[in-house]
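Colleague: Structural data only, the sequence is not supplied:
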């Protein structure tokens, strides 16, 4: 039992390390060759976990081999357009000017119900409102609405605005993030003064505190007893 536990832990960290090396897209929308590699890695990792008679390296070595193969294919895609087409294929236009391309649906084996569902999920209900609907190589559906139906921007309306920034977390579950304080050019004394302004006696009582995208201080207490922007 103890040996199985150790073997499982080792294989778990090997797979996590492999997926991290393969890139963030591995946990998002997978390309076909990436999906194949992910499935094969899961199978290779499960065999040594289920059977202690199989040497651990018989699972680890093939996983590392697949990792190397994925890296090589990714480099080929960066260097060659033909390689991208071979391994990932090309996007397919399913709707053009509000008209469904029936032949493309047949070629991609994409039924009309799935198409209409994806369109509704993206907030569109009428086919004539859509200029293009493109089935990407990852299987996601991209929709480009007709220009006259897009929302006007602040630039279009000549509205003055300031650029939003990424929120920066300062306190999480009572723990102060000193690194993030340094990033925004503040120190712990400044943070404590912000808490005092909001009648918060200690950071240990704060569930979350951050500088939001507008540059304002926001906090919420652990007991949900108060928040401020």
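Modeller: Thanks, I have the structure now. Since the model is a prediction, treat every value here as computed from it, not as a measurement.

Colleague: Could you list the domains of the protein?
Modeller: 2-86, 92-149, 168-228 (automatic domain parsing).

Colleague: How far off centre is the shortest one?
Modeller: How far domain 92-149 lies from its chain's middle: 23 Å, per Cα atoms, centre = their mean, to the nearest Å.

Colleague: Which residue ranges of the chain form helices?
Modeller: Taking DSSP state H, the helices of the chain run over residues 2-22, 32-50, 57-79, 81-88, 102-108, 112-121, 178-183, 188-197.

Colleague: Just name the shakiest helix or strand of this protein by mean pLDDT.
Modeller: Ranked by mean pLDDT, DSSP states H and E, the weakest helix or strand in the chain is strand 227-228, scoring a mean of 54.

Colleague: which ones are touching residue 157?
Modeller: Shown in contact with residue 157 (Cβ atoms under 8 Å, 6 or more residues apart in numbering): no residues. Every C-beta, even on glycine, is put in place using the N, C-alpha and C of the backbone.

Colleague: which regions of this protein sit below the pLDDT cut-off?
Modeller: Low-confidence segments of the chain (pLDDT under 70): 1-2, 4, 19-33, 35, 224-229.

Colleague: hmm, try it at 50
Modeller: 25-28 (pLDDT under 50).

Colleague: Need the outlier residue of it, farthest from its centre.
Modeller: In the chain, residue 53 marks the outermost C-alpha relative to the chain mean, sitting 37.8 Å out by Cα atoms, centre = their mean.

Colleague: The spatially closest residue to residue 135 that is not a sequence neighbour: neighbour count?
Modeller: Nearest residue to residue 135, sequence neighbours excluded (Cβ to Cβ, 6 or more residues apart in numbering): residue 92, at 4.5 Å. Using other Cβ atoms under 10 Å, residue 92 has 16 other residues around it.

Colleague: And residue 34, by the same measure?
Modeller: Neighbours of residue 34 (other Cβ under 10 Å): 21.

Colleague: ok, it to residue 67 distance?
Modeller: Taking Cβ to Cβ, to the nearest Å as the measure, residue 34 falls 12 Å from residue 67.

Colleague: quick one on the thing from earlier: now render the domains of the chain as a markdown table, adding distance to residue 159.
Modeller: Below are those laid out as a markdown table (distance: least, Cβ to Cβ, whole Å):
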| stretch | distance to residue 159 |
| --- | --- |
| domain 2-86 | 33 |
| domain 92-149 | 20 |
| domain 168-228 | 15 |
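
Colleague: which one of those lies closest to residue 162?
Modeller: Smallest distance to residue 162 across those (Cβ to Cβ): 8.0 Å, for domain 168-228.
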